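Participant: My questions concern the predicted model and sequence given below.
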Amino acid sequence: MIRNLTNRMVTILIVLALALWIDLSSQVELVNPFDDNTLFNHDVTPRLGLDLQGGLQVLLEADLPEDAQIDASSMETAREIVQQRTDALGVNENVIQVAGERRIVGEFPGLEDTESVLATIQQTGLLEFIDTGDFSPEPGTILKTDYSPTGEPIEAASAEETVYHTVMTGADLDSVGVTPDELGRSYVINFQLTPDGSEVFGTHTAANVGKFLTIVLDKEVLSSPTIAGAIPGGQGTISGSFTSDSANALAIQLRYGSLPIPLKIVETRIIGPTLGADSLSKSVTAGLIGMIIVALFMIIYYRMPGIVAVLSILFYGVIAFAVFKWFHFTLTLAGIAGFMLSTGAALDANILIFERLKEELRNGRNLAQAIDQGWTRAWSSIRDSNLSAIITSAILFWFGSTFGATIVKGFSLTLAIGVAISLFTAIYVTRSLLALSLRTFRPQNYPLWFGI
Amino acid sequence: MIDILSKRYLYFAISLLVILPGIVLLGISGLPLSIDFTGGSLLEVQLEPDKGLNTIEIITLYEEAGIDDAQVTTTDAETLVIRSSFLTNEIRDSVLTAMREKAQSEIDVIRFDSVGPTIGRQVASRAALAVGFAALAVIIYITIAFRKVANAFRYGVCAVIAMIHDVAIVFSVAGIGAILFNWQMDALFLTALLTVIGFSVQDKIVVFDRIRENSTLLRRLEYEKLVNHSIVQTLQRSINTQLMTVEFLLLALALFGGVTLQEFAVILLVGLFSGTYSSIFIAAPILVLWENREWTSWFRRGSAA
């Protein structure tokens, strides 16, 4: 039997209280009572996947040959750029992750205006030609411009800040090339504009000879050439003290934007908000109905241990949900399936123990011996079956995350975490609660209390 | 005590009877893979009430956008599901604009899935690879966990054979469902399959664990009787766990879970049932068959049985 039952019950109550705190709040905050400083603050808002609340998922792939070596750091840079661009659109909760060697997954739960996000991602980089007047900023400087993809006006945040006018964007560039200059000592970049671009560019250059026309990529200054004369035909050159390498680098940036690796969209999934909400409410209803039947069955069949098991499963649910919230897991339908399977594993652990307990009671052991034997004997099968489940889900998780198969990833993650928690609740919680209720009720009539 | 193992060849025959029809159907018609694995697009849209587009109008609109393999299914008057080859986002936008003009109606996109042709195939083959790795890891784990029992390796192999049996049952059901109800194997099917595999292995280990325990307790007993004894001892647990996880939870999901989840729930229902069935009627009998080396006597039951 258990000796330090009081300690166990205190531990269980503390874990339960912490889990409930996380489950019921959206922000976990600890404030120092003496000086009101926040000691600790962690956001625990629940995250619902696209299939449950609607939204957009895109899978981007490096647009390079299959066998090309792709540098992991360039993939990371590309990911950051995609993140910054979509952040700028004011989409919240977007998650952009590198998946494997050549793919990036972007998820935008709850997003309704999918067109503008897709357009932004597909852009190679926002290249702007801005009018900086007599000011020639150093390359690398970050400037604010009045170009707005959504049409909303951009205003200066403070009086000292200048918002520069965008003459045209990279969308007006038709082609870009590099040639040596006449003297052969340095290189120039030639560009050809679209008909629309040519017109705008022609008017602007004619009116601003001698001023600076600064080229910025995603608001960062690349180069700031002077307008040497009006450029009417849409054909121009950028000259400076370029070497072959630096000219080519700038030309590539003009052509492809800031992404170190060209990306293409290989998979798009859009789920409307109504379909998502429908799936969520129906699976929650189904889950509740299922759990009520399971609870009734457990109580009728196993009597007192059954009640203990139901409490222990509820406990399991409370902890699991708290863990999911704490680590910001996105709950998807596949995740719910994994969670259901691990709930099954938690139930199975209880059933294994109780069947063993009944067997030992039938063999004429006294209650204390039967409970000890029930746990010891059932433990090896609970351990091995659950460890194999964790091994399987680890392999599936690896597969899911290297391949951007988020459905497999969500499934295996909730399964593995759920199984680990169910080990704790079956062994520790069920056993302590059972010991407590035996101590309290001191049952004599075994058929009535244990249903043997 | 009930003698379960003596009829083992009957169980093998029953399983074959369930597996073969579906697999043959799949062999004839090919795997009903959804765009998740083949690549392509699925666009589900909703029109305003009393506005509509007929199938021919939609196919024409798609053809004008350069897509000539559109297939339209209507679930109800205002909801349309259009499957086609891979649509880029630009083509989708232009098709949607054209549809709005033609139908004179606002059109809501309920769902849009578009999967590039190479990516789908890679997902399918990598999923198979991951399952293969998982199976191998299970064999290794069981061999280590059962190292104190004679021929520990056999337990791992039998667990995997029974797991393959369960996968075959799931495919067979999917094959029959494809003919009868137009089911498709999509990402949710893959999830169901993974669940079945996870559960199957877990269930085998519970039965094997009892054999492991009994083989030290009941050293003298003949192997077939030992295995039979272990199955009977774990039978009540198998039935109860099966009732809990499968019948109760999944029936609720199948009955109340909405259309997208029904196919998923039915596949799981059958697959998880098979997971418990195969522990008792496939994995354990094969252990005995192996112990008795029954292939040397043309699969007649061991002489001592």
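Facilitator: Sure thing, it's come through.
Participant: okay but A:Arg47 is in contact with A:Thr332, surely?
Facilitator: No - with contact defined as Cβ atoms under 8 Å, A:Arg47 does not reach A:Thr332; the gap is 9.7 Å. Placement of C-beta: from N, CA and C, glycine included.
Participant: Which residue of the two possesses the greater neighbour count?
Facilitator: A:Thr332 (24 against 18; other Cβ atoms under 10 Å in any protein chain shown).
Participant: which non-adjacent residue is nearest the more buried one?
Facilitator: Nearest residue to A:Thr332, sequence neighbours excluded (Cβ to Cβ, 6 or more residues apart in numbering or on different chains): A:Gly49, at 3.3 Å.
Participant: Could you give the number of residues near the one you found?
Facilitator: A:Gly49: 26 neighbours (other Cβ under 10 Å).
Participant: Now for it: which residues touch it?
Facilitator: A:Gly49 makes contact with A:107, A:109, A:330-333, A:335, A:406, A:410, according to Cβ atoms under 8 Å, 6 or more residues apart in numbering or on different chains.
Participant: Recalculate using a threshold of 7 Å.
Facilitator: Each residue near A:Gly49 by Cβ atoms under 7 Å, 6 or more residues apart in numbering or on different chains is listed here: A:109, A:330-332, A:335, A:410.
Participant: Closest one of the residues you listed to B:Asp108?
Facilitator: The nearest member of the contacts of A:Gly49 to B:Asp108, counting by Cβ to Cβ, is A:Pro109 at 18.1 Å.
Participant: Please name the residues that touch the closest one.
Facilitator: Contacts of A:Pro109 (Cβ under 7 Å, 6+ apart): A:48-50, A:53, A:55, A:93.
Participant: Can you give the domain ranges for the chain?
Facilitator: Going with chain A. For chain A, the structural domains run A:5-40+A:272-450, A:55-122+A:264-269, A:127-258, going by automatic domain parsing.
Participant: oops, chain B please
Facilitator: What automatic domain parsing lists as the domains of chain B is B:5-34+B:119-297, B:40-115.
Participant: Dump the ones you listed to JSON lines, plus distance to A:Gly306.
Facilitator: JSON lines is the format used below for the domains of chain B (distance: least, Cβ to Cβ, whole Å):
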{"stretch": "domain B:5-34+B:119-297", "distance to A:Gly306": "11"}
{"stretch": "domain B:40-115", "distance to A:Gly306": "42"}
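Participant: wait, which of these is closest to A:Gly272?
Facilitator: Of all these, domain B:40-115 comes closest under Cβ to Cβ, at 4.1 Å.
Participant: for chain B, which spans come out with low pLDDT?
Facilitator: Flagging of chain B using pLDDT under 70 yields the residue ranges B:75-77, B:245, B:257-260, B:298-305.
Participant: which stretches of it form helices?
Facilitator: All helices of chain B, identified by DSSP state H, fall at B:8-29, B:35-38, B:55-64, B:89-103, B:117-145, B:152-181, B:187-217, B:223-242, B:251-256, B:259-278, B:284-291.
Participant: cool, chain A as well?
Facilitator: Using DSSP H, the helices of chain A run over A:5-24, A:50-53, A:72-88, A:114-122, A:195-207, A:244-256, A:273-302, A:304-326, A:333-362, A:367-403, A:406-424, A:431-441, A:446-450.
Participant: residue in the stretch 51-200 of chain A nearest to chain B?
Facilitator: Going by Cβ to the nearest Cβ, chain B is nearest to A:Leu118 of the stretch 51-200 of chain A, at 4.8 Å.
Participant: my guess is that residue meets B:Asn89, correct?
Facilitator: Yes - A:Leu118 is in contact with B:Asn89 according to Cβ atoms under 7 Å; the separation is 4.8 Å.
Participant: which of those two has more neighbours?
Facilitator: A:Leu118 (22 against 19).
Participant: measure the more buried one to B:Leu87 for me?
Facilitator: The spacing between A:Leu118 and B:Leu87, counted by Cβ to Cβ, to the nearest Å, is 12 Å.
Participant: how about stretch B:170-179 against chain A, any contact?
Facilitator: No - using Cβ under 7 Å from any Cβ of the partner chain, stretch B:170-179 never reaches chain A; the gap is at least 14.1 Å.
Participant: how many other residues sit next to B:Glu63?
Facilitator: B:Glu63: 12 neighbours (other Cβ under 10 Å).
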